[in-house]
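Participant: My questions are about this predicted structure, shown below with the sequence.
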Amino acid sequence: MSKVEIKSPYLLYLAQIVILTAIYFGVAKMGLSLASFRGIVTLVWPPTGVALAALLLFGYRLWPAIALGALLVNLSAGASLATGGIALGNTLEAVVGAYLLNRTGLRYNLERLRDAFSLVFWGAIVSPTIGAAIGVASLGLTGAGAWADYDSVWWVWWLGDAMGVLVVAPALLIWGYQPRLAMPLRQVVEAVGLLAALVIAGELVFGGFYISQVANYPLAYIIFPFVIWAAFRFGQRGATTATLVAAGLAVWGTAQGVGPFAQETIDASLLLLHGFLSTMAITAMLLAAALAERNQTEEALKEQRAFLRQVININPHLIFAKDRAGRFTLANQAVADVFGTTIEAILGKTDADFNPETTQNEHFRRDDLDVMNTLQEKFIPEEPITDAAGRIRWLQTIKRPILDSSGQALQVLGVATDITAHRQAQEELQRYKKHLEELVKERTLELTEAVEQLEREITERRQAEEALRESEERFHYLADATFEGIVIHDQGQILDANQSFALMVGYELAEVKGKNVLGFATPEYRDLIMQHVQSDYEKPYEVMGLKKDGSTFPAEIWAKIIPYQGRMVRVAAIRDITERKQAEETLLRQNEFLVALHQITLDLLNRREMGDLLQALVDRAATLLDAPYGELMLKEGDELVVRAFTQNQPFLLGDRIGRDEALLSWQAHDTGQPAILDNYSAWAAHRAIYNGVHLRAVAEFPIMIGQACLGVLALGRDEPDYPFKPEQIQKGILLSQLAALILDRANLYDAALREITERKQAEEALLQQAVELEARNEELDAFAHTVAHDLKVPLGPITGYADILIEDDALLTPNERQKYLQIIARSGRKMNSIIGELLLLASVRKKEVKSAPLDMAGIVAEAQQRLAHLIEEHQAEIILPQVWPVALGYAPWIEEVWTNYLSNAIKYGGRPPRLELGATVVGQAVSLPDEESPPDSPPKVRFWVHDNGPGLSLAAQRRLFTPFTQLGQVRIEGQGLGLSIVRRIVEKLGGEVGIESEGIPGQGSIFSFTLPQAPA
């Protein structure tokens, strides 16, 4: 059959007008067959629904068809004088209804509850009032109707139009918006069966086949199960179609005087029929919309979970979870790679199923149970595991309990980092250190004098210790830089990215999305990136990144292919390796310096002449510090005499310097400290002998033996804007020390003994520094692990109960659903509280504030206002002093101190809590237990809160103000940051925190803090 195509827009528009007019006229004639007032007011007026659906689907420009169809229908019904007004009312109600619905953003598939409600309110309730008002007024004005019947006729008219919208418009909208229907044969058979069952049930109910004795029973609602069946199985299309069929049967039967709605009066029949139709239509439409929204939400959540799984799988760290039986409940690809299997094969198995080493498995099992039983996080610095290839890998692992809603740990979550390469590097470093020590020992055997032996040992050991310290510092620095950017792209086009990547390239996150990944790399690397993208390359490689401001940075990229929103895309992890590159360059320069220093030491051991040694030292120093000009001056009497200099300074031969010149050299000599200038030529006291050389940066290093200065090693540059860097100054100090050793060869034995003592002291100081650094690192690690743990604890209930609501929603009661939503909301608020406390802790650490006199009464009042709900909940009694002493501080921070003290006293105090607040002026601050207070401290004001709780033991008091320590678990669980923040605030403002408690129930505790007293 050939398809007729109309190319002219005017002919197409005319054809649409004609077709819609004909449809409107035909449907209207069918509706008039059900008329109840003068042949023009009907029980149900289907043309209203036809007109509204047509204008929504095809636009307002088809309104002439509505007007023309209404005019023809009313003329055919004989209402000649009122025809124009009725046609106007029918047209206006359709146009206004379509306009109002379009303004609300109506989606014609009606798959949102807001769309269904909008159609009911604006389409079926509001817009029909226009047609009813104008139509009934037209009847009254033309004499076709009596004004006395205005109310009843308007009511019948409005109900007929409203029923036309509710019954007809939804089905036409959906079928017109999505005319194509693709269903498998099984669904087609089900749909035909449903339609047949609906028609049969409708005929039985509305066709007059029921028994006369049960005529008044609510048999009409037998239709509802079929309509609900259609909504559940076929969505909004099935619900609206079933509603239309059932409504047609009900209206036809009622018009014929049969069925459960056929009553003695037309008004009674109309009321029953309209109640049934509106209930059925609205219920079916809202039910289908709710089901559609739920299905859309479920699909979105499933896709999001799949996406998160892929992101976890590309993480290079080993991420896993186990239950109390030791079975894996979660594993990422990194875990599967270690065991040489797939993720699916791991789940439900134990370590023993993959690892043949029984000792390792028992160790893992003990750690898992310990974490779940104690509910405490555990950090394992090193633990071995045998992989699928039989190799030993070393892991650094963090294990945390996963709590259920009752606070019990049924699983343990682990995150492990493969530190095998790090251990190998440490072992290699130890071997290198041992090799250096052997080299020192061999060279020492060649020395004939004890002085030279000690000098060699001191020099070599210093070099080895410095190299070891710098290597360890570089390793820790690189190990801590673990923040990575993540980008998801399709053939280079960015679909999504995280905030770390946006910060890395200097863009806002919204600016990154939609751009091509090649725009974030320098031109010479773009072909390489595109080759890897097209070949699905999945190994790490390095490129040069490009930031928004045009600056560049070295980056390492690691990418994988994952499914994302129905297609395969590439997710890439980008790491800024600038610091690693800089560390490599620094190590290279340091090694070059150590080699040169080693050669100088060898020259000394080979017994070269003193003059040669000093000249070699000056030449090497000039080369190592990149300074073209250099000289070595020795003190002889009251003068400094030049004994060695670089070849480009022959004018210095035999130069003798008195105290009236070369003031910079004498400054270094007299102070025993390096003297540094960035522009020597511009200095008023420079040496006249250098007038022909425009020296810029100058560094002069004293040659010290004990407290005596033997001379000065001077180095200079003539290049502008090239000052000496701190690391170069340190090298100069080492070279001057080497010069001192050369000069003091005759008396070196005694000096070497002193040097040994000093070296041991330096080693002890270095060891102490290393211990302190390790403690700080452990505190930082504990802080990071605890924050991650505390954020994951409330996150667990959120994801867990969200999964239940998604997967088992149909099985839940309303009370259970409300309970789960409240738990999710409570966990979200807890996460928000944790983040707020972390932000406050960071601001106190970094922010500098100016202390001012405090209005303590106002500050306490603000804190009480913030805690009003908690005070009311616990029925707490708070006693305040009449007068507050004036202290110095920062009001916003002091308000946080009172808020923490008051909230803790209410939570952990007596029942009901009774709090007494006060302040006194003291001669010195009150300290924590076992801490000493400084003597003769200036006057301070001591503020305190006395509660009526159970009190605290002395051991608990000592730990109380440290981070992540909680008062207890009596009623309220906290993250343990509050009192740590209090201590940081008070100490930063020049005060101290304190606690007094006997640990006796009922006598409570006194929490206090001091601040400097404001001057009178």
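Facilitator: The structure has been received and is ready for your questions. Because the structure is a prediction, the values reported are computed rather than measured. Numbering: from 1, shown residues only.
Participant: Flag the shaky bits of the stretch 601-750 of the chain, pLDDT-wise.
Facilitator: Residue ranges of the stretch 601-750 of the chain with pLDDT under 70: 601-608, 684, 745-750.
Participant: Helices of that one, start to end?
Facilitator: Ranges of helices within the stretch 601-750 of the chain are 610-624, 663-671, 726-743, 748-807, based on DSSP state H, counting those that start in this stretch.
Participant: List the buried residues for the first one?
Facilitator: Translated: helix 610-624. Neighbour counts over helix 610-624 (16 or more other Cβ atoms under 10 Å) mark 613-622, 624 as buried. From N, CA and C alone the C-beta is placed, and that goes for glycine too.
Participant: count of neighbours near the closest residue to Arg107 other than its chain neighbours?
Facilitator: Spatial nearest neighbour of Arg107, excluding adjacent residues (Cβ to Cβ, 6 or more residues apart in numbering): Asp115 at 5.1 Å. Close neighbours of Asp115, defined as other Cβ atoms under 10 Å, add up to 23.
Participant: Pretty sure Asp115 sits against Phe121.
Facilitator: No. Asp115 lies out of contact with Phe121 (Cβ atoms under 8 Å); the separation is 11.1 Å.
Participant: Return the residues in contact with the residue nearest the centre of the chain.
Facilitator: Centroid-nearest residue in the chain, with Cα atoms, centre = their mean: Gln499, separated by 8.1 Å. Contacts of Gln499 were listed using Cβ atoms under 8 Å, 6 or more residues apart in numbering, and they are Leu509.
Participant: how near is it to Val512?
Facilitator: Remark: distance between Gln499 and Val512 (Cβ to Cβ, to the nearest Å) = 10 Å.
Participant: Stretch 504-522: which residues count as buried?
Facilitator: 504-505, 507, 512-513, 515, 517-518, 520-521.
Participant: who touches the closest residue to Ala352 other than its chain neighbours in this structure?
Facilitator: Using Cβ to Cβ, 6+ apart and skipping the chain neighbours, the partner closest in space to Ala352 is Asn361 (5.0 Å). Residues near Asn361 by Cβ under 8 Å, 6+ apart: 350-352, 355.
Participant: Is it correct that Glu996 falls within a strand?
Facilitator: Yes. Judged by DSSP: H, G, I helix; E, B strand; the rest coil, Glu996 forms part of a strand.
Participant: excluding its backbone neighbours, what's nearest it?
Facilitator: Ile1006 (4.3 Å).
Participant: next one: Ser127
Facilitator: Excluding the flanking residues, the one nearest Ser127 by Cβ to Cβ, 6+ apart is Gly97, at 3.1 Å.
Participant: contact partners of whichever strand or helix holds the one you found?
Facilitator: Under the criterion of DSSP states H and E, Gly97 resides in helix 83-103. Among residues not part of helix 83-103, those counted as contacts by Cβ under 8 Å, 6+ apart are 40, 47-48, 51-52, 54-56, 60, 63, 66-68, 70-71, 74-75, 79, 118-119, 122-123, 126-135, 137-139, 141-142, 161, 165.
Participant: any idea how far Lys513 lies from Ile494?
Facilitator: 6 Å.
Participant: What of Val251?
Facilitator: Distance from Val251 to Ile494, counting by Cβ to Cβ: 57 Å.
Participant: Same question for Val543.
Facilitator: For Val543 relative to Ile494 (Cβ to Cβ), the value is 16 Å.
Participant: again with Asn679
Facilitator: 49 Å.
Participant: just Pro702 next, same as before
Facilitator: Counting by Cβ to Cβ, the gap from Pro702 to Ile494 is 59 Å.
Participant: neighbour count winner among those two?
Facilitator: Remark: of Pro702 and Ile494, Pro702 carries more neighbours, 24 against 19, as counted by other Cβ under 10 Å.
Participant: Give the burial count for Thr417, as a bare number.
Facilitator: Neighbours around Thr417, by other Cβ under 10 Å: 17.
Participant: list the helices and strands whichever strand or helix holds it packs on?
Facilitator: Secondary structure from DSSP H and E places Thr417 in strand 409-418. If you count contacts as 3 or more Cβ pairs under 8 Å, 6 or more residues apart in numbering; DSSP states H and E, strand 409-418 packs onto strand 318-323, helix 358-374, strand 392-403.
Participant: out of the ones you listed, nearest to Leu766?
Facilitator: Comparing those against Leu766 with Cβ to Cβ, the closest turns out to be strand 392-403 (24.8 Å).
Participant: Could you list the buried residues of that closest one?
Facilitator: Neighbour-count burial for strand 392-403 flags 393-403 (criterion: 16+ other Cβ under 10 Å).
Participant: ok, back up a step: show me the contacts of helix 83-103 that map onto helices.
Facilitator: 47-48, 51-52, 54-56, 63, 66-68, 70-71, 74-75, 118, 128-135, 137-139, 141, 161, 165 (DSSP state H).
Participant: from these, which would you call buried?
Facilitator: 47-48, 51-52, 54-56, 63, 66-68, 70-71, 74, 118, 128-135, 137-139, 161, 165.
Participant: right, and Asn109 touches Pro170 too?
Facilitator: No. Using Cβ under 8 Å, Asn109 makes no contact with Pro170, being 10.3 Å away.
Participant: quick one, which of these two is more surrounded?
Facilitator: Pro170 (31 against 16).
Participant: Provide a list of residues in contact with that one.
Facilitator: 110, 119, 236, 240, 243, 281, 285.
Participant: ok, what's across the strand from the closest residue to Arg656 other than its chain neighbours?
Facilitator: Excluding the flanking residues, the one nearest Arg656 by Cβ to Cβ, 6+ apart is Glu639, at 4.8 Å. Beta-bridge partners recorded for Glu639 (DSSP bridges): Glu636.
Participant: any chance you could map the helices in the stretch 351-500 of the chain?
Facilitator: 358-374, 420-446, 450-480, 499-505.
Participant: what about Leu272, neighbour count?
Facilitator: Counted with other Cβ under 10 Å, residues neighbouring Leu272 total 19.
Participant: now Glu862
Facilitator: Per other Cβ under 10 Å, the neighbour tally for Glu862 reads 16.
Participant: Out of the buried residues of stretch 504-522, name the ones that lie in strands.
Facilitator: The strands, defined by DSSP state E, take in nothing from these.
Participant: Which of those fall within helices?
Facilitator: Members of those lying in helices (criterion: DSSP H): 504-505, 512.
Participant: Ser997: which of these is nearest?
Facilitator: Met504 (49.7 Å).
Participant: Would you enumerate the residues in contact with the nearest residue to the closest one once chain neighbours are set aside?
Facilitator: Nearest in space to Met504, with sequence neighbours left out and distances taken as Cβ to Cβ, 6+ apart, is Gly485 at 4.8 Å. Contact analysis of Gly485 by Cβ under 8 Å, 6+ apart lists 497-498, 500-505, 573-576.
Participant: what bridges to Gly485?
Facilitator: Beta-bridge partners, per DSSP bridges, of Gly485: Ile574.
Participant: all numbers from here: first residue = 9
Facilitator: That works, and once the first residue is 9, the last one we named lands at Gly493.
Participant: Show the model's pLDDT score for it.
Facilitator: Note on Gly493: pLDDT of 87.
Participant: Which neighbours do Asn117 and Pro178 have in common?
Facilitator: Gln244.
Participant: So which of the contacts of Pro178 is the closest to Ala339?
Facilitator: Gln244 (41.8 Å).
Participant: Make sure the closest one is actually in contact with Leu294.
Facilitator: No. Counting by Cβ under 8 Å, Gln244 stays clear of Leu294, with 10.1 Å between them.
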